[in-house]
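A.B. asks: please find the sequence and the predicted model below.
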Amino acid sequence: MSRTAVMALMLVLAIYFMLPLYFLIVAATKPQGDLASTSGLTFSNFQLFDNLHTLFTFNDGIFARWILNTVVYAVLGAAVGTLISALCGYALAKFRFRGREFLFSVILGGVLVPSTALALPLFLLFSEVGLVNTYFAVFLPSIVSPFGVYLARIFANAAVPQELIESARLDGAGEFRTFFSVSFKLMSPALVTIFLFQFVGIWNNFFLPMVMLQKEELFPITLGLFTWNGQTARTPLLQESVIMGSLVSIVPVIILFIVLQRFWRTGLAAGSLK
Amino acid sequence: MTDIATRPTDAVSPPPRGRRRPRLDGGGPRAGTIVAFLTPFFLPFVLFYLVPVGYALWQSFRVVRRSGGQYGTSYTTFGGFEQYVEVFQNDEFWASIGRIGLFGIVQVPVMLFTALVMALLLDTHLLKLKGFFRTAAFMPYAVPGVIAAIMWSYLYSPQLSPVVDLLNGIGLKPDFLGPGAVLWSAANVSTWLWTGYNMLIMFSALQSIPQELYEAARIDGASNWAIAWRIKVPIIAPSIVMTTVFSIIGTLQLYSEPAVLRQISSNISSTFTPNMLAYTVAVGNNYQQAAAISVVIAVITFVLSFGFMRLTSKRAGL
């Protein structure tokens, strides 16, 4: 294949991947009336800041609440999840004990259990203990990531030399001290990768909050925008807020991903060792 | 949670004095310490992964019966495979499996082939602006399925879409939300979302192949084409198998994309995919039937993903 043909093919694909984002940016700057009456690919009346204002004031500013909720579920949830995955993966990699391989294969089985399959039974269990319609209903199941443990075990094996642990033991350091003061630092690039994977998992998991939550104040952004999108037939003005809200919520994540790209590649390379 | 994580720290004592040799075997931390490392993960793992799986299984073998005719009180009892028989006799279940099967047979190969071609091109010297192309393809991965489907639904909508305008301009009358097309419109959203992610997995695998391998082939006169398909693709086969398995799992779980398109298209029913069917049945308070559907979906997922892994490892001569 010639260079020109390769370049042309890649350009077409790049346009395909960027088109919806470009459309979203253009649409976010328009007044609602212009969405249908002007071409979706060109700018018309510039109303970006009015649209932002509407987004954050509509329904007593519930959108800001949804952002906060998403941070609690996805950022805090992924941080807690990364910590417990790291502890577990490290123990499975560095400590020898009976049943270790069995525990690891149970976790590997868990990697294949899709999170959507768990949502409905979790709903039934949580409704029996009164956890439905609370932050915990989404937060608690989200912190569990078998894939995170799998990655943590690989990374602990690769990044933490056994001799270092042995010498820390000889110096009289407890296992937790060794973990937090020595191993944690050595594993930290890998922990960023685990965090990112888990963040995406929670950020993408729409089915769980959909099943668990009825109170709008508890919604993550995805469920909130989905609800608004369902109301646009009755309230067409909401369309502009759905568009603006989509843009506001994905731009920071896209920037974060581009900045942290090298962590993705280490993680994906490790994942493909399987 | 924090209580469990920190409590055993106090129990950690310095190793016994007078034992200076490194312990080669049988040494290491005491059992309590190991438990303290494992519990913060395993406690929620058991509660929110294993217990729900067990609970769904148990529920799927229960039925609701009424004592004393239609107006009697209802009670739940053991029903054997009754719920499963009902699942297999449900035409809507088979229709949803049929849709998802068609979706998977077309969408997964199209997506993975595109990802593979992009990864191979990024790994050659033929291409400039590699960083830009890699980033452009990977960007959609940051967008959640719901928001991706909302964005695309604007591009499908006859009133708002610039794509529809362009196609109208050249005399085509596309109906992205029509009865025949809407499944492929949903498939397009999945392809847009996941191609770059799969590409990056394959690309990472390609990057770890030592360059010397190609030099020998080049000396023998192999073309770029031959190097790509005869050397690179076979070496990264495990990554391709992994992306296929994850794609099969993802396809069987499909929910958000069709749920969003359902908001603007009457051609998506509330039982369009198996997961939508399970949700609809659960909302109708038939939890036992919903549990049976979930179990059947999970079993199909396991059989397909393990089956595919076995099949490919056998063909590779292992």
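C.D. replies: Here it is on my side, so go on. Residues are numbered from 1 along each chain as shown, chains lettered A, B, ... in the order given.
A.B. asks: shouldn't A:A78 be in contact with A:F199?
C.D. replies: Yes. Between A:A78 and A:F199 there is a contact at 4.1 Å, judged by Cβ atoms under 8 Å. Quick note: C-beta positions are derived from backbone N, CA and C, even for glycine.
A.B. asks: quick one, which of the two is more surrounded?
C.D. replies: Higher neighbour count among A:A78 and A:F199: A:A78, with 25 against 22, using other Cβ atoms under 10 Å in any protein chain shown.
A.B. asks: now for the more buried one: which residues touch it?
C.D. replies: If a contact means Cβ atoms under 8 Å, 6 or more residues apart in numbering or on different chains, then A:A78 has A:S142, A:F195, A:L196, A:Q198, A:F199, A:G201, A:I202 as its contacts.
A.B. asks: from the centroid of chain B, which residue is nearest?
C.D. replies: Nearest residue to the geometric centre of chain B (Cα atoms, centre = their mean): B:G250, 2.5 Å.
A.B. asks: ok, now how distant is that one from chain A?
C.D. replies: According to Cβ to the nearest Cβ, to the nearest Å, B:G250 and chain A sit 8 Å apart.
A.B. asks: which neighbouring elements make contact with the host helix or strand of that residue?
C.D. replies: Using DSSP states H and E, the element containing B:G250 is helix B:237-252. When contacts are defined as 3 or more Cβ pairs under 8 Å, 6 or more residues apart in numbering or on different chains; DSSP states H and E, helix B:237-252 packs onto helix B:91-122, helix B:182-207, helix B:287-315.
A.B. asks: residues touching the nearest residue to B:A228 once chain neighbours are set aside, list them.
C.D. replies: Spatial nearest neighbour of B:A228, chain neighbours left out: B:L120 (5.0 Å); criterion: Cβ to Cβ, 6 or more residues apart in numbering or on different chains. B:L120 is in contact with B:L206, B:A228, B:K232, B:V233, counting by Cβ under 8 Å, 6+ apart.
A.B. asks: report the separation between B:L120 and B:E212.
C.D. replies: For B:L120, the distance to B:E212 (Cβ to Cβ, to the nearest Å) stands at 19 Å.
A.B. asks: ok, now B:Y75?
C.D. replies: From B:Y75 over to B:E212 (counting by Cβ to Cβ), the distance is 72 Å.
A.B. asks: any idea which element the closest residue to B:Q159 other than its chain neighbours lies in?
C.D. replies: Sequence neighbours aside, A:A36 is the residue nearest to B:Q159 in space, at 4.8 Å (criterion: Cβ to Cβ, 6+ apart). Taking DSSP H and E as the criterion, A:A36 maps to helix A:32-37.
A.B. asks: so what touches that helix?
C.D. replies: By Cβ under 8 Å, 6+ apart, helix A:32-37 touches A:A27, A:S44, A:N45, A:P236, A:L237, A:Q239, A:E240, A:I243, B:Q159, B:L160.
A.B. asks: out of those residues, who's nearest A:V160?
C.D. replies: Using Cβ to Cβ, A:I243 is the member of these that sits closest to A:V160, with 47.0 Å.
A.B. asks: got the contact list for that closest one?
C.D. replies: A:L24, A:A27, A:A28, A:L35, A:N51, B:Y154.
A.B. asks: just checking, what packs against the helix or strand encompassing A:I194?
C.D. replies: Element membership for A:I194, per DSSP H and E: helix A:184-204. If contacts are counted by 3+ Cβ pairs under 8 Å, 6+ apart, helix A:184-204 sits against helix A:77-94, helix A:146-159, helix A:261-271.
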